[in-house]
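Colleague: sequence? don't have it. structure:
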């Protein structure tokens, strides 16, 4: 019985160590951006203001700078107006990084995340 307990404990410990060593969860990028140092680029996502969901961004501040964030509109063929959230970035130095865009709304119990996009950025 003691050997079984030790075996089960060792298995749980090993599984925990393996999961802990993997770092951040690996999510496949939905978009790849190639740019150069000093160049600017936009990332645009649609949203519905009435739903309370907005896009939030996370990025490596040593490689990228947020120059501007704005709300724009576009009209579909059916005449429906769609709101767009536009993030304008500037590449600061060479390297590879990711931008994480989270479509979430704030509640008293914390954010509710509807979607998360990972954008891969290669700066040359």
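Modeller: Sure, I can see it. Treat the numbers as computed from the prediction; the structure is a model and nothing was measured. Numbering: from 1, shown residues only.
Colleague: Which residue lies nearest the spatial centre of the protein?
Modeller: residue 100 (1.6 Å; CA atoms, centre = their mean).
Colleague: Residue 55 is in contact with that one, correct?
Modeller: No - Residue 100 lies out of contact with residue 55 (CB atoms under 8 Å); the separation is 10.5 Å. C-betas here are computed from N, CA, C, even on glycine.
Colleague: Give me the residue ranges of this protein where confidence is low.
Modeller: Along the chain, segments meeting pLDDT under 70 span 1-26.
Colleague: how does it look with 50?
Modeller: 4-25 (pLDDT under 50).
Colleague: The nearest residue to the residue nearest to the centre of the chain once chain neighbours are set aside: neighbouring residues, count only.
Modeller: Spatial nearest neighbour of residue 100, chain neighbours left out: residue 58 (4.4 Å); criterion: CB to CB, 6 or more residues apart in numbering. Residue 58 is flanked by 12 other residues according to other CB atoms under 10 Å.
Colleague: Can you name the residues that contact the residue nearest to the centre of the chain?
Modeller: By CB atoms under 8 Å, 6 or more residues apart in numbering, the contact set of residue 100 is 57-59, 116-119.
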